[in-house]
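**Q** Got a predicted structure here, sequence first:
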Amino acid sequence: MKWIKNHKLISFLLAVILLSLIVLVASVASGGRGNFISNLAGSIYSAIEKPVSGVAGGISDRVSSLFSYRDIQKENDRLKKENENLKQELAAMTLSANELKELKQLSKLLNYSGISGSGDIVSCDVISMDGTKWMNIFTIDCGSESGVKEGNVVICGDGLVGRVHSVGKGWSKVVALIDESSRVTFKVSGNLQLIGVIEGCTDGILSGFMLDDKAKIREGDKLVTSGMGIYPAGIEIGRIVKVRYDSNAQLQRVDVKPSVDFKSLQKVTVIL
(Lines give C-alpha, C1' and ligand atoms only; values in the text may rest on other atoms or scores of the structure.)
Protein backbone atom coordinates (compact mmCIF):
# COMPACT_ATOMS: atom_id res chain seq x y z
CA MET A 1 0.00 0.00 0.00
CA LYS A 2 2.87 2.32 0.78
CA TRP A 3 4.31 1.71 -2.66
CA ILE A 4 0.95 2.55 -4.26
CA LYS A 5 0.72 5.85 -2.34
CA ASN A 6 4.21 6.80 -3.44
CA HIS A 7 3.56 5.84 -7.08
CA LYS A 8 -0.01 6.97 -7.67
CA LEU A 9 0.32 7.64 -11.41
CA ILE A 10 1.97 4.27 -12.13
CA SER A 11 -0.56 2.48 -9.94
CA PHE A 12 -3.38 4.23 -11.77
CA LEU A 13 -2.05 3.23 -15.17
CA LEU A 14 -1.52 -0.39 -14.04
CA ALA A 15 -5.10 -0.48 -12.81
CA VAL A 16 -6.34 0.78 -16.18
CA ILE A 17 -4.30 -1.86 -18.01
CA LEU A 18 -5.53 -4.62 -15.66
CA LEU A 19 -9.13 -3.53 -16.05
CA SER A 20 -8.73 -3.50 -19.83
CA LEU A 21 -7.47 -7.09 -19.72
CA ILE A 22 -10.42 -8.14 -17.56
CA VAL A 23 -12.85 -6.54 -20.03
CA LEU A 24 -11.10 -8.27 -22.93
CA VAL A 25 -11.14 -11.70 -21.21
CA ALA A 26 -14.77 -11.29 -20.19
CA SER A 27 -15.73 -10.33 -23.71
CA VAL A 28 -13.95 -13.33 -25.18
CA ALA A 29 -15.43 -15.66 -22.58
CA SER A 30 -18.96 -14.49 -23.33
CA GLY A 31 -18.48 -14.81 -27.06
CA GLY A 32 -19.04 -11.11 -27.64
CA ARG A 33 -22.26 -11.09 -25.58
CA GLY A 34 -22.45 -8.76 -22.67
CA ASN A 35 -22.61 -10.05 -19.11
CA PHE A 36 -22.69 -8.44 -15.75
CA ILE A 37 -18.94 -8.54 -15.20
CA SER A 38 -18.09 -7.16 -18.61
CA ASN A 39 -20.72 -4.45 -18.37
CA LEU A 40 -19.51 -3.42 -14.94
CA ALA A 41 -15.91 -3.39 -16.09
CA GLY A 42 -16.88 -1.39 -19.16
CA SER A 43 -18.62 1.20 -17.03
CA ILE A 44 -15.61 1.50 -14.74
CA TYR A 45 -13.28 1.66 -17.74
CA SER A 46 -15.36 4.45 -19.31
CA ALA A 47 -15.31 6.41 -16.08
CA ILE A 48 -11.53 6.09 -15.89
CA GLU A 49 -10.97 6.66 -19.60
CA LYS A 50 -12.66 10.08 -19.69
CA PRO A 51 -10.23 11.95 -17.39
CA VAL A 52 -7.32 10.13 -18.97
CA SER A 53 -8.49 11.26 -22.42
CA GLY A 54 -8.98 14.77 -21.08
CA VAL A 55 -5.47 14.91 -19.72
CA ALA A 56 -4.06 13.50 -22.94
CA GLY A 57 -6.07 15.99 -24.97
CA GLY A 58 -4.82 18.87 -22.82
CA ILE A 59 -1.24 17.73 -23.28
CA SER A 60 -1.82 17.42 -27.04
CA ASP A 61 -3.23 20.95 -27.21
CA ARG A 62 -0.27 22.34 -25.30
CA VAL A 63 2.19 20.55 -27.57
CA SER A 64 0.34 21.87 -30.65
CA SER A 65 0.38 25.40 -29.21
CA LEU A 66 4.10 25.09 -28.56
CA PHE A 67 4.82 24.10 -32.16
CA SER A 68 2.45 26.81 -33.42
CA TYR A 69 4.35 29.44 -31.38
CA ARG A 70 7.64 28.23 -32.81
CA ASP A 71 6.22 28.49 -36.36
CA ILE A 72 5.04 32.06 -35.68
CA GLN A 73 8.46 32.96 -34.26
CA LYS A 74 10.17 31.54 -37.36
CA GLU A 75 7.82 33.50 -39.62
CA ASN A 76 8.48 36.67 -37.62
CA ASP A 77 12.24 36.20 -37.96
CA ARG A 78 11.80 35.64 -41.71
CA LEU A 79 9.77 38.84 -42.08
CA LYS A 80 12.35 40.84 -40.10
CA LYS A 81 15.11 39.59 -42.39
CA GLU A 82 13.03 40.37 -45.47
CA ASN A 83 12.32 43.88 -44.16
CA GLU A 84 16.04 44.48 -43.61
CA ASN A 85 16.78 43.33 -47.17
CA LEU A 86 14.12 45.70 -48.52
CA LYS A 87 15.68 48.60 -46.59
CA GLN A 88 19.08 47.82 -48.12
CA GLU A 89 17.56 47.61 -51.61
CA LEU A 90 15.82 50.97 -51.07
CA ALA A 91 19.11 52.58 -50.00
CA ALA A 92 20.79 51.15 -53.10
CA MET A 93 17.98 52.49 -55.30
CA THR A 94 18.30 55.96 -53.73
CA LEU A 95 22.03 55.97 -54.36
CA SER A 96 21.43 54.89 -57.95
CA ALA A 97 18.90 57.72 -58.40
CA ASN A 98 21.45 60.29 -57.18
CA GLU A 99 24.10 58.84 -59.48
CA LEU A 100 21.62 58.94 -62.37
CA LYS A 101 20.94 62.63 -61.68
CA GLU A 102 24.65 63.42 -61.89
CA LEU A 103 24.95 61.44 -65.13
CA LYS A 104 22.04 63.38 -66.62
CA GLN A 105 23.70 66.67 -65.67
CA LEU A 106 26.96 65.54 -67.26
CA SER A 107 25.02 64.49 -70.37
CA LYS A 108 23.55 67.99 -70.62
CA LEU A 109 27.02 69.47 -70.39
CA LEU A 110 28.32 67.36 -73.24
CA ASN A 111 25.39 68.37 -75.46
CA TYR A 112 26.57 71.99 -75.65
CA SER A 113 27.94 72.54 -79.14
CA GLY A 114 30.80 74.71 -77.88
CA ILE A 115 32.21 71.94 -75.71
CA SER A 116 32.45 69.23 -78.36
CA GLY A 117 36.07 69.01 -79.47
CA SER A 118 37.14 71.96 -77.33
CA GLY A 119 39.39 69.89 -75.06
CA ASP A 120 39.28 68.01 -71.77
CA ILE A 121 37.04 68.74 -68.82
CA VAL A 122 37.44 68.14 -65.10
CA SER A 123 34.63 67.80 -62.55
CA CYS A 124 35.03 69.67 -59.24
CA ASP A 125 33.19 70.29 -55.98
CA VAL A 126 32.44 73.73 -54.56
CA ILE A 127 34.22 73.85 -51.18
CA SER A 128 33.73 77.45 -50.02
CA MET A 129 31.89 80.64 -50.89
CA ASP A 130 33.00 84.23 -50.88
CA GLY A 131 30.56 87.14 -50.88
CA THR A 132 27.23 87.46 -49.12
CA LYS A 133 23.83 86.49 -50.46
CA TRP A 134 25.00 85.29 -53.84
CA MET A 135 28.06 83.25 -54.75
CA ASN A 136 29.87 85.94 -56.70
CA ILE A 137 33.23 84.26 -56.06
CA PHE A 138 33.71 80.71 -54.81
CA THR A 139 36.43 78.10 -54.41
CA ILE A 140 36.55 74.65 -56.00
CA ASP A 141 38.71 71.64 -55.07
CA CYS A 142 40.56 71.42 -58.41
CA GLY A 143 43.69 73.35 -59.24
CA SER A 144 46.97 73.26 -61.11
CA GLU A 145 47.44 69.53 -60.43
CA SER A 146 44.31 68.90 -62.55
CA GLY A 147 45.42 71.19 -65.37
CA VAL A 148 43.15 74.09 -64.37
CA LYS A 149 44.41 77.48 -65.51
CA GLU A 150 43.37 81.09 -65.06
CA GLY A 151 40.67 82.03 -67.56
CA ASN A 152 39.22 78.51 -67.94
CA VAL A 153 35.45 78.46 -68.44
CA VAL A 154 33.32 76.91 -65.68
CA ILE A 155 29.93 75.31 -66.33
CA CYS A 156 27.46 72.93 -64.69
CA GLY A 157 24.51 70.83 -65.83
CA ASP A 158 22.24 73.89 -65.98
CA GLY A 159 24.51 76.23 -67.95
CA LEU A 160 27.27 78.81 -67.68
CA VAL A 161 28.76 79.34 -64.21
CA GLY A 162 31.69 81.70 -64.80
CA ARG A 163 35.47 81.68 -65.26
CA VAL A 164 38.54 80.71 -63.24
CA HIS A 165 40.11 83.76 -61.59
CA SER A 166 43.13 82.29 -59.78
CA VAL A 167 44.68 78.84 -59.37
CA GLY A 168 46.70 77.00 -56.73
CA LYS A 169 47.52 73.39 -55.96
CA GLY A 170 44.26 71.68 -54.99
CA TRP A 171 42.08 74.78 -55.36
CA SER A 172 40.86 77.46 -57.78
CA LYS A 173 38.85 80.65 -57.37
CA VAL A 174 35.91 81.10 -59.74
CA VAL A 175 34.24 84.39 -60.59
CA ALA A 176 30.53 83.70 -61.09
CA LEU A 177 28.54 84.89 -64.08
CA ILE A 178 26.45 87.05 -61.75
CA ASP A 179 29.48 89.00 -60.50
CA GLU A 180 29.52 92.66 -61.57
CA SER A 181 32.87 92.15 -63.30
CA SER A 182 31.45 89.46 -65.64
CA ARG A 183 30.64 90.41 -69.21
CA VAL A 184 29.39 87.93 -71.81
CA THR A 185 28.12 88.26 -75.38
CA PHE A 186 25.05 86.20 -76.13
CA LYS A 187 22.70 85.10 -78.88
CA VAL A 188 18.97 84.45 -78.72
CA SER A 189 18.41 80.70 -78.97
CA GLY A 190 15.42 81.01 -81.30
CA ASN A 191 17.19 83.47 -83.63
CA LEU A 192 20.99 83.27 -83.58
CA GLN A 193 21.23 86.44 -85.67
CA LEU A 194 20.24 88.48 -82.62
CA ILE A 195 23.29 89.37 -80.50
CA GLY A 196 23.70 91.25 -77.24
CA VAL A 197 25.86 91.74 -74.17
CA ILE A 198 25.03 91.02 -70.51
CA GLU A 199 26.76 91.84 -67.24
CA GLY A 200 26.40 90.65 -63.66
CA CYS A 201 24.41 92.59 -61.10
CA THR A 202 24.28 92.83 -57.30
CA ASP A 203 20.82 91.24 -57.01
CA GLY A 204 21.77 88.09 -58.94
CA ILE A 205 19.88 89.14 -62.09
CA LEU A 206 21.87 89.68 -65.28
CA SER A 207 21.43 92.97 -67.07
CA GLY A 208 22.27 93.65 -70.70
CA PHE A 209 21.30 95.10 -74.04
CA MET A 210 20.80 94.12 -77.68
CA LEU A 211 23.25 95.37 -80.31
CA ASP A 212 20.31 95.83 -82.67
CA ASP A 213 17.83 98.26 -81.15
CA LYS A 214 15.06 96.84 -83.37
CA ALA A 215 15.69 93.20 -82.45
CA LYS A 216 12.48 91.28 -81.90
CA ILE A 217 12.89 89.73 -78.47
CA ARG A 218 10.42 88.94 -75.72
CA GLU A 219 10.19 87.66 -72.17
CA GLY A 220 10.94 83.95 -71.92
CA ASP A 221 13.51 83.88 -74.75
CA LYS A 222 16.51 81.69 -73.93
CA LEU A 223 19.99 83.14 -74.28
CA VAL A 224 23.17 81.17 -75.05
CA THR A 225 26.83 82.15 -75.34
CA SER A 226 27.73 83.53 -78.77
CA GLY A 227 31.22 82.02 -79.02
CA MET A 228 32.91 85.43 -78.95
CA GLY A 229 35.64 85.83 -76.34
CA ILE A 230 36.63 83.05 -73.92
CA TYR A 231 33.22 81.36 -73.69
CA PRO A 232 32.45 78.56 -76.19
CA ALA A 233 29.27 78.96 -78.23
CA GLY A 234 26.00 77.34 -77.24
CA ILE A 235 26.22 77.28 -73.44
CA GLU A 236 22.92 78.24 -71.85
CA ILE A 237 22.97 81.52 -69.92
CA GLY A 238 19.39 82.11 -68.85
CA ARG A 239 16.01 83.48 -69.93
CA ILE A 240 14.79 87.02 -70.45
CA VAL A 241 12.45 88.16 -67.69
CA LYS A 242 12.06 91.79 -68.75
CA VAL A 243 12.49 93.86 -71.95
CA ARG A 244 12.54 97.66 -72.00
CA TYR A 245 13.69 100.37 -74.40
CA ASP A 246 16.28 102.90 -73.20
CA SER A 247 15.46 106.04 -75.18
CA ASN A 248 18.57 107.87 -73.95
CA ALA A 249 20.99 105.19 -75.15
CA GLN A 250 18.60 104.09 -77.92
CA LEU A 251 19.03 100.46 -76.90
CA GLN A 252 16.78 97.58 -75.98
CA ARG A 253 17.72 96.53 -72.47
CA VAL A 254 17.01 93.09 -71.01
CA ASP A 255 16.97 91.56 -67.56
CA VAL A 256 17.92 87.89 -67.54
CA LYS A 257 17.43 85.23 -64.88
CA PRO A 258 20.44 82.85 -64.89
CA SER A 259 19.79 79.18 -65.61
CA VAL A 260 22.18 78.23 -62.80
CA ASP A 261 20.95 78.38 -59.22
CA PHE A 262 24.05 79.92 -57.63
CA LYS A 263 22.62 79.65 -54.11
CA SER A 264 22.68 75.84 -54.19
CA LEU A 265 25.63 75.22 -56.51
CA GLN A 266 27.65 72.16 -55.42
CA LYS A 267 29.32 70.63 -58.47
CA VAL A 268 30.89 72.33 -61.50
CA THR A 269 32.93 71.36 -64.55
CA VAL A 270 35.99 73.23 -65.78
CA ILE A 271 36.74 73.24 -69.51
CA LEU A 272 40.54 72.90 -69.78
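**A** Yes, it's here.
**Q** Doesn't A215 belong to a helix?
**A** No. Looking at A215 with DSSP: H, G, I helix; E, B strand; the rest coil, it is coil, so not inside a helix.
**Q** Tell me how far it lies from Y245.
**A** Distance of A215 to Y245, given as CB to CB, to the nearest Å: 11 Å. C-beta: built from backbone N, CA, C; applies to glycine.
**Q** quick one, which of those two is more surrounded?
**A** Neighbours per residue, other CB atoms under 10 Å: of A215 and Y245, the larger number sits with A215, 18 against 11.
**Q** shared neighbours of A215 and Y245, which are they?
**A** Common neighbours of A215 and Y245, using CB atoms under 8 Å, 6 or more residues apart in numbering, are Q252.
**Q** Touching stretch 221-236 from outside, list them.
**A** Stretch 221-236 has contacts (CB under 8 Å, 6+ apart) with 112-115, 118, 151, 153, 155, 158-160, 163, 184-190, 195-196, 198, 237-240, 256, 259, 271.
**Q** Which members of those are positioned in strands?
**A** Counting by DSSP state E, these place 153, 155, 159-160, 163, 184-188, 195-196, 198, 237-240, 256, 271 in strands.
**Q** Are any of these buried, and if so which?
**A** Buried subset of these (neighbour count, 16 or more other CB atoms under 10 Å): 153, 155, 159-160, 163, 184-188, 195-196, 198, 237-240, 256, 271.
**Q** Now Q266: closest residue in space that isn't a chain neighbour?
**A** Closest residue to Q266 apart from its sequence neighbours, by CB to CB, 6 or more residues apart in numbering: V126 at 5.5 Å.
**Q** what is the mean pLDDT for the helix or strand containing that neighbour?
**A** Secondary structure assignment for V126, by DSSP states H and E: strand 121-130. Regarding strand 121-130, the rounded mean pLDDT is 88.
**Q** in this structure, what spans have low per-residue confidence?
**A** Scanning the chain for pLDDT under 70 picks out the ranges 1-13, 16, 19-21, 23-69, 87-119, 131-135, 202.
**Q** how is it carved up into domains?
**A** As given by automatic domain parsing, the domain ranges for the chain are 1-110, 118-272.
**Q** that older thread, name the surrounding residues that touch the strand holding V126.
**A** 106, 109, 115, 135-142, 146-148, 171-173, 265-272.
**Q** Weed out the non-buried ones from those.
**A** Among the contacts of strand 121-130, those classed as buried by 16+ other CB under 10 Å are 106, 109, 115, 135-140, 142, 146, 148, 171-173, 265, 268-271.
**Q** Please flag which of these sit within strands.
**A** Judged by DSSP E, strands contain the following of the buried ones among the contacts of strand 121-130: 137-140, 171-173, 268-271.
**Q** Find me whatever residue is spatially closest to I137, sequence neighbours aside.
**A** Leaving aside its sequence neighbours, I137 sits nearest to D130 (CB to CB, 6+ apart; 4.2 Å).
**Q** Take the ones in strands among the buried ones among the contacts of strand 121-130 and write them to JSON lines, including distance to E75.
**A** JSON lines is the format used below for these (distance: CB to CB, whole Å):
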{"residue": "I137", "distance to E75": "61"}
{"residue": "F138", "distance to E75": "56"}
{"residue": "T139", "distance to E75": "56"}
{"residue": "I140", "distance to E75": "54"}
{"residue": "W171", "distance to E75": "57"}
{"residue": "S172", "distance to E75": "59"}
{"residue": "K173", "distance to E75": "61"}
{"residue": "V268", "distance to E75": "52"}
{"residue": "T269", "distance to E75": "52"}
{"residue": "V270", "distance to E75": "57"}
{"residue": "I271", "distance to E75": "59"}
